[in-house]
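S.K.: sequence isn't available, so here's the structure alone:
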């Protein structure tokens, strides 16, 4: 049988990809890439963009196109055979990447091409980034240090994958069958229906709870049974650790320590003082001091208000419900009751107004008005699961700009969370015209019975967020993959489009497009909308300090790492919590063991990026507030200066082109309801 991964043209043939084909395909493609490198570095004529840079990019793109569906399937349809094939390839891919990055002849070739000068800004940026990345791969190191760097890179690739696998296995391993309906008192009908369906899908009766977010969050938010909330909380926050119901079985402790040690060693090899410094070499932030100043400043502005919010919650829980001594498994429960008491609104009350089909159609209408594009579904496209849908985007002139898959629902063997990933990069040369394709993945509650999936308002924001990332990838007009779409964009700027788009989830004019009652189609009543708006910044300071806890912990973890002391992970986390947390978790909490963003998701020493980019997004949205929510001139300016440019120019220069000035923190504080 021919290997479909070796002849990819157009969309991936998911149903024809077999685990046994993965490693042979990767081996063949890596051999082809190495042959191309050998050919290019042995040329006797001077290297140019056309005869040197483009041929290497074409070889690498062929490898990327084959690996993308493999990596994606491993995340959304995980099984033992595919996992084994995926893991067998990781060290090979890592070794090739480091090998290319340390190839002195390639480096000299890129430098020679860069010295020729290029009028095309995206070409200049690609060459600048390439030369930087050669140095960050150790091209200037002595041979023994190069060998060590390559070994480190290979081991890190394996460790980060194992971390994620442990977390997935630990999440899938826990479930709880409930036979007495009184134990589920307080849960809304949507959560009860999901628990019943989960039981039925497993061939069981009654109700089954899991640690997937559509099951976990309703328990924490609505279950009257405090003991049940505590049990589910403990199972969730001890996943992949030395504590909890599966203590030690998928323990990430040693993996985390090893990841931190290897990251630090790799940074020191490159003459950085820490991995945090190494991380900033590819980001907007200019120094570790600037990042810590930014985070500490936000903390100083928000901690007092957060403590006041917690005190008010504790008083409410005691006075209204006799709860003395709030615990972490009480926070969401009593917060929801306080929100309802103050604003007469609950997340479940809004759910019927956000059936997924209506939200999708409305979201597409929003971006069509903003950016002069058209989104339509395409039927008959092969996917990896029956729930997956496929769409295309065309501009106002009818030109096809990009395509994307949407995989919206939670299921077993699918990684948790929500994300956008690259399926195919835009790549345009005299020999090819390749449009960008994306994966958009969420973990929403699936349809129950004959009713569509009903989203919470927070899930609507999640969908808008990921689609913002998708538009950044899909609307690019940059011709070269390395700087097209999200590629080449600093991590602390890449969240700008995603966070910006979330703002349209809160405005009456756009809510009229994305909402409609599942039974009647009626829009959200004005009184309910006003209550939604009034509750927008409910406990906003508590939410902010929670994010700051993650960001400061991550950055200090990588900034202050000392090989003589090890990671000191929970010692450091306790220090950060002393600074910003309003409630300390119990001793059994193992948050870091499940902090996949920084240990397996690419955000190591970069979690601060969410808040850094939120300054940009809030400031950018303030221009729409000034000119009009659907002011197309402003929308087109954002499309042309940010979305279409990708990583082809300096991120701050692009922002200046759009906004006309540098961002200020004022809009973020105002939008977040931080009054300090």
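M.R.: Ah, there it is. Source: prediction; values computed, not measured.

S.K.: helices of the stretch 51-200 of the chain, start to end?
M.R.: 54-76, 80-101, 104-115, 121-136, 143-173, 189-201 (DSSP state H, counting those that start in this stretch).

S.K.: can you put those helices in a markdown table and add mean neighbour count, mean pLDDT and distance to residue 613?
M.R.: For glycine as for every other residue, the C-beta is placed from the backbone atoms N, C-alpha and C. Shown next, in a markdown table, are those (neighbours: other Cβ atoms under 10 Å; pLDDT from 0 to 100; distance: least, Cβ to Cβ, whole Å):
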| stretch | mean neighbour count | mean pLDDT | distance to residue 613 |
| --- | --- | --- | --- |
| helix 54-76 | 19 | 97 | 23 |
| helix 80-101 | 17 | 96 | 26 |
| helix 104-115 | 17 | 97 | 29 |
| helix 121-136 | 19 | 97 | 19 |
| helix 143-173 | 18 | 97 | 23 |
| helix 189-201 | 18 | 94 | 32 |
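
S.K.: mind checking those helices for the one nearest to residue 442?
M.R.: helix 54-76 (10.8 Å; Cβ to Cβ).

S.K.: and that closest one, what does it pack onto?
M.R.: Packing partners of helix 54-76 (3 or more Cβ pairs under 8 Å, 6 or more residues apart in numbering; DSSP states H and E): helix 19-41, helix 80-101, strand 419-424, strand 427-428, strand 437-444.

S.K.: the ones you listed into TSV, with extra columns for distance to residue 2?
M.R.: Listed next are the helices and strands packed on helix 54-76 as TSV, based on distance: least, Cβ to Cβ, whole Å:
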stretch	distance to residue 2
helix 19-41	9
helix 80-101	18
strand 419-424	20
strand 427-428	24
strand 437-444	22
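
S.K.: follow-up on the earlier one: out of the helices of the stretch 51-200 of the chain, the one nearest residue 369 is which?
M.R.: Residue 369 sits nearest to helix 121-136 of all the helices of the stretch 51-200 of the chain, at 28.3 Å, using Cβ to Cβ.

S.K.: not counting its own residues, what contacts the closest one?
M.R.: Residues outside helix 121-136 that contact it (Cβ atoms under 8 Å, 6 or more residues apart in numbering): 49, 53, 101-102, 106-107, 110-111, 113-114, 118, 270, 278, 281-282, 478-480, 482-484, 488, 646-650.

S.K.: circling back to that earlier point, any chance of the helices of the stretch 51-200 of the chain in TSV, with distance to residue 354 too?
M.R.: As requested, the helices of the stretch 51-200 of the chain are exported to TSV (distance: least, Cβ to Cβ, whole Å):
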stretch	distance to residue 354
helix 54-76	23
helix 80-101	34
helix 104-115	49
helix 121-136	39
helix 143-173	26
helix 189-201	11
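
S.K.: quick one, which of those helices gets closest to residue 465.
M.R.: helix 54-76 (17.9 Å).

S.K.: so residue 614 touches residue 667, yeah?
M.R.: No - judged on Cβ atoms under 8 Å, residue 614 makes no contact with residue 667 at a distance of 9.5 Å.

S.K.: neighbour count winner among these two?
M.R.: Taking neighbours as other Cβ atoms under 10 Å, residue 614 and residue 667 compare with residue 614 leading, 24 against 20.

S.K.: heading C-terminal from the one helix or strand the more buried one maps to, find the next helix or strand.
M.R.: Under the criterion of DSSP states H and E, residue 614 resides in helix 609-627. For helix 609-627, the following helix or strand on the C-terminal side (DSSP H and E) is helix 632-638.

S.K.: wait, what's in contact with residue 191?
M.R.: Here residue 191 is in contact with 184, 214, 215, 218, 219, 222 (Cβ under 8 Å, 6+ apart).

S.K.: what are the phi and psi angles of residue 455?
M.R.: Per-residue torsions, residue 455: phi -100, psi 150 (degrees, to the nearest 10).

S.K.: what's near enough to touch it?
M.R.: Per Cβ under 8 Å, 6+ apart, neighbours of residue 455: 351, 354, 355, 356, 359, 444, 445, 463.

S.K.: which of these lies closest to residue 429?
M.R.: residue 463 (34.3 Å).

S.K.: which helices and strands does whichever strand or helix holds that closest one pack with?
M.R.: Assigned by DSSP H and E, residue 463 belongs to helix 457-474. For helix 457-474, the packing partners by 3+ Cβ pairs under 8 Å, 6+ apart come out as helix 347-350, helix 356-371, strand 400-409, strand 419-424, strand 437-444, helix 496-502.

S.K.: once you drop chain neighbours, what's closest to residue 162?
M.R.: Excluding the flanking residues, the one nearest residue 162 by Cβ to Cβ, 6 or more residues apart in numbering is residue 255, at 5.9 Å.

S.K.: quick one: secondary structure of the one you found?
M.R.: Recorded secondary structure, residue 255: helix (DSSP: H, G, I helix; E, B strand; the rest coil).

S.K.: one more: residue 494?
M.R.: Assignment for residue 494 (three-state DSSP): coil.

S.K.: confidence score at residue 411?
M.R.: At residue 411, the model reports a pLDDT of 91.

S.K.: measure it to residue 172 for me?
M.R.: Distance from residue 411 to residue 172, counting by Cβ to Cβ, to the nearest Å: 10 Å.

S.K.: mind listing the strands in the stretch 251-400 of the chain by residue range?
M.R.: 373-377, 389-395, 400-409 (DSSP state E, counting those that start in this stretch).
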